[in-house]
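In: sequence and predicted model, in that order:
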Amino acid sequence: MSSSSLKEKHNFQCASEASLDLIKLPLKDILLSQIRPEDLFLKIQNSSLLHGRNPLRTDQRKLCYFPPPVLPDYNKFDATLLYTLIRNLCPGLMPTRGWGNEPGQYDTHVGDDIERLRLFRNNNFAHLSSAIIPDDTFEDVWKTLKSVLIRLKSHSGCSVDYVQKFGEIEYSQFRYELWEQYKDIWKAYLEIKKQTDERAIRIKGNEEVICGNSAIFDAEVEQAEHFCLPIIWQRRRGKWVEIIDPTLEKYSGSTNTRLVMSSVCKMDAMEYQAFLPDGYNQMLYSNTINLHVLGEKPFLNDLEVTTEDEEIKIHYSFGVSENSPHVQDIKWSKNGHRMDIGYDKFIRGSLHDSCLIIKSPSEDDKGKYSCTVTNAVGSKEKDIVLDVPCIAISTKPKVHFASDTTITSIVTSNPQPEKAQWQNSKNGDDFYEMDVTKSKYFGSNVSPECPRLVIPKTTFDDMLYYRLQISNKLGVNVSNIVYLKVTGSLPNITVGHETDINNRSIKLRGVVFLSDDSPDIKNIFWSKNGEKLDIQGSGGRLSGVTIDDPSLTIRNVSQDDAGKYQLTAINAVGPNDSAVISIDVPNVYIRSEKNLTGGIECLCFTVEITSNPGPCHAQWNIKSKGEETFTPLDVNAEKYQGSTNSLPHPKLVIKEKDQLKKNTYQIKVTNFVGSTVEEISDDENLPLQKQEGSMENTLYEDKGAGLKFALLNNDLANQFPVEKLKLLKFIIQCKFFYTHYLDYTKSFKYMQKMYDKVCNIYFDGTTVVN
C-alpha cells in the first residue's frame, strides 16, 4: 500500500469520525440552548415535522417525539436529526442565505456555521463516492471545520472543548480496522439513500381523522409488473405489529390498493404501512402514515336542581370540543339502576331536552341520580343526590348571662329547602315551635337557606334544648340538638373598714369582683340603715364609691353617722349586698385574772374593745365610796403599777384587795361617735356600766356584780378543759351581756345556770343551751 493511498484513507477515517461523533456535539449544545428537553414534544407537535413536506422518519420520532414526563435524551440524536430539529424549530438561527444554502465567505452567524457542519458531513462522508479523500481536498475542508469549531466554542453553552476533540482526531494514528468500520457505516448510508430514492410503493391518506369517522389509505405501486400482488397492510404501536385482515367488517370497503377503516376509535391510532414481495423472497415496504384519531369525550356540566309546585327538575347541559364526534346517547340511572324515562313519574331527559322532571316528588324519590352522555370516543357521567335537608346548628359552648346569643345553621339540601322552624324543649325530648317574630328573638330569621336564632340578653330562662326543622319537596328533617348553657353569677363583695384618727374620718373599704363567667358591673352604691346614700348631696362629707373603687370615705365622723352600712353591687344577673358594717360607740369587755407580782397576789383587769370607728381614747377613772364624781386614775402610782390607759388593751392592776371595797373604778373608751363606760366595784349599790353618746346600759343595775362575775369567770377558766374552749366562748358571749332589757339579778342568775351547764360539760361531756 502506497503512502499516498494510506494518507487518503486516514483522511477518510478523520472525516468519518468528525462527521459521526464530533460535529453533533456543537449541534446538541445549540439545540439545548434553544429548546429544553421538556419543551421539545410541544415544539414538534406545533410544527410541520409531523405532517409537512419533509416529516420526521419513524425512527427519528422514536428518539425525540414522546409526551412528558418522559424526556428525550439529546445525547442519542445523530447529526442529521439535530440539524433537522434546529432548522425547523429554531427560526432565530436562520443562516444569512437561508437554510440548505452554502454560506458566503464572510457569513459567520451561528446558523451559517450550522450549514457548514451539514455540508462537511454530506460532502466528506454521506455523499462520497469512495472511502478515500485526497490530500488537496481534505486540507481545505479540514481547515474550514477547525475555524467553525473555534467560533462555536466562543458561544455560551459549550459542554465540551470542540477544538480539543478536533485535535485528538487530527493527530490520531491510522488504524485499518477503524477505517473498515467507518467504510461499512458509509456503505449502509448509501444503501438507505438508494432505497429511499428508488422506493417502488407509497401510501397516502389523511393522518388525522375524527373519532367515529372513516380512515382511507391508498397505495401506489411503481413498476407493479416487477412485484407480486396483492398488497399487504400492517399497523404498529411500539414493538407490537399486527397484519391487517381486510375481510373483517371493520375494514369493509377495502380493495387491493385501498385500506378502509370505518368508525375509527382511539385504539386505531397507530403507524400504518403497506408492503409487497419483490419475487426474490424480499419485502418492499412503503412509507409510514402515523394515524392520529382526533376527538375527546363529551363534556357534561354539573347537574342543577330547581323545583316547581309539584315537581323537581334536574337540569343538564353537554357538548363536544372541536374535532370531536357528536353525542350519540344519553342515559339516566338512580342508585345505579337504569331509569325508565318517559312514563308519568319521570318525563323528558332526552338528548333534545335540557332537564329531567320528577312528578309528585316524595321521600321515595330520594337517591343518587346519574346522567351519562356518550359519543364515539367515550362517555361522561355526572351525579347528583336528592334527599331531605341535612342540617347542623351550633353556638358557643358557654353563653354569659345577659349577652346576645346566636345559634347558626348550615343547611345542605337538594332540592332547595322550603320551610324552616326553630323549636325548643325543656327535657330534650318534647319539642315545641318557637315564634321567632317576638321581640325576645329580635334579629332571628327563618330563611330556609340559612336560618338563624338570636336571643338578645340571654337569661337563665333560656337554658333549654334547641333544634331546627327544615322541609323540602322530599320531606322533613331536624338538626342536631344544642343545649344552651347560660353562665353567670352575682358580683362578689368583701368589705372592711379603717379609721383615720388624725383626720377624724373612716373609710369603709369595698372590693367587688366577678367570676369569669359573669356579666360586668352596672351600678354600685352604699346604703345606711336601708336607705341609699346621696354621695353628691353630702357636701363633701361623703366621697368615693365608683365601680373601679367602691370604697366610701366619711369625713368629720360624729354621732349622726351611727348606723348600719351596706355596699350593693348590681350586674345583669341582679344585685348583691355586702355584709353589714356597723358604726357605733365602742363595745367594751373587761377580762379579770389573778396574778402574783413580787410574791403579792394582784387583781388584773384587761379591757377588750371592739369599735367602728376605731377608739381614739381610753381612760381609767376612780372615785371613793360616797363620792359622786370620778377622777382620772394615776396609772403610774405604785399601788397601780402595771396599769395603762394605752390602746388597744387598757389594763388596771390592783395590788391591795381592799381597794375594791373602798373605791369604784371606771374605764371610759371613746371614738368619734361617742363613749362607753364600764365600772368595777365591790359595792352592790352602784351601777357598773354606762355609755355616753348612746343609750344607757342597765345590764348591771345590781351593784357589785362585776367582781362576782370576774371571780366566777376565773374559777370557770381554771377548771375548763382546753378542747371545750370554743363552746365556752359561745356561752360567755351570749346576748345577755349586751341586752339592755334584763336587769342584773336576772342576768346573774342566768350566769349561774350557765356555770352549772359548763360544769356538766366538763364532767359528762353533754349540755343543752336554751
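Out: Cool, the structure landed.
In: which residues touch Thr629?
Out: By C-beta atoms under 8 Å, 6 or more residues apart in numbering, the contact list for Thr629 reads Lys623. Placement of C-beta: from N, CA and C, glycine included.
In: I'd like the numbering to begin with 5 instead of 1 from here.
Out: Sure, I'll start counting at 5 from here, so that last one is Thr633.
In: next one: phi and psi at it?
Out: When read as degrees, to the nearest 10, the backbone of Thr633 gives phi -110, psi 140.
In: and what of Asn560?
Out: phi 50, psi 50.
In: ok, it - contacts?
Out: So Asn560 contacts 508-509, 545 (C-beta under 8 Å, 6+ apart).
In: hmm, 6 Å instead?
Out: For Asn560, the contacting residues are Arg508, by C-beta atoms under 6 Å, 6 or more residues apart in numbering.
In: for Val549, see how far away it is.
Out: To Val549, Asn560 is 18 Å away according to C-beta to C-beta, to the nearest Å.
In: repeat for Lys349
Out: 78 Å.
In: same thing with Pro30?
Out: Look at Pro30 and Val549: by C-beta to C-beta, they are 97 Å apart.
In: who's in contact with Lys568?
Out: 533, 584, 586.
In: for it, which residues make a bridge with it?
Out: Applying DSSP bridges to Lys568 yields these beta-bridge partners: Ser586.
In: before we move on, what about Trp426?
Out: Bridge pairing for Trp426 - DSSP bridges - gives Leu472.
In: for it, what are its contacts?
Out: Contacts of Trp426 (C-beta under 6 Å, 6+ apart): 438, 440, 457, 472.
In: what is the burial count for the nearest residue to the second one once chain neighbours are set aside?
Out: Which is Val440. Nearest residue to Val440, sequence neighbours excluded (C-beta to C-beta, 6 or more residues apart in numbering): Ser448, at 4.0 Å. By the criterion of other C-beta atoms under 10 Å, Ser448 has 20 neighbours.
In: same check on Ser9?
Out: Ser9 has 10 nearby residues by other C-beta under 10 Å.
In: which of the helices or strands spans it?
Out: helix 7-21 (DSSP states H and E).
In: after that helix comes which helix or strand?
Out: Assigned by DSSP H and E, the successor of helix 7-21 is helix 28-38.
In: list the buried residues of that following helix.
Out: 28-35, 38 (16 or more other C-beta atoms under 10 Å).
In: what's the closest of the residues you listed to Val268?
Out: Taking C-beta to C-beta as the measure, Val268 lies nearest Leu35 of the buried residues of helix 28-38, at 34.9 Å.
In: please name the residues that touch that closest one.
Out: By C-beta under 6 Å, 6+ apart, the contact set of Leu35 is 86, 89-90.
In: can you read off the pLDDT for it?
Out: pLDDT for Leu35: 94.
In: please apply the same query to Leu132.
Out: 84.
In: am I right that it is in a strand?
Out: No. Assigned with DSSP: H, G, I helix; E, B strand; the rest coil, Leu132 falls outside any strand and is coil.
In: roughly how far apart are it and Leu24?
Out: In terms of C-beta to C-beta, Leu132 sits 13 Å off from Leu24.
In: and Asp272, by the same measure?
Out: 39 Å.
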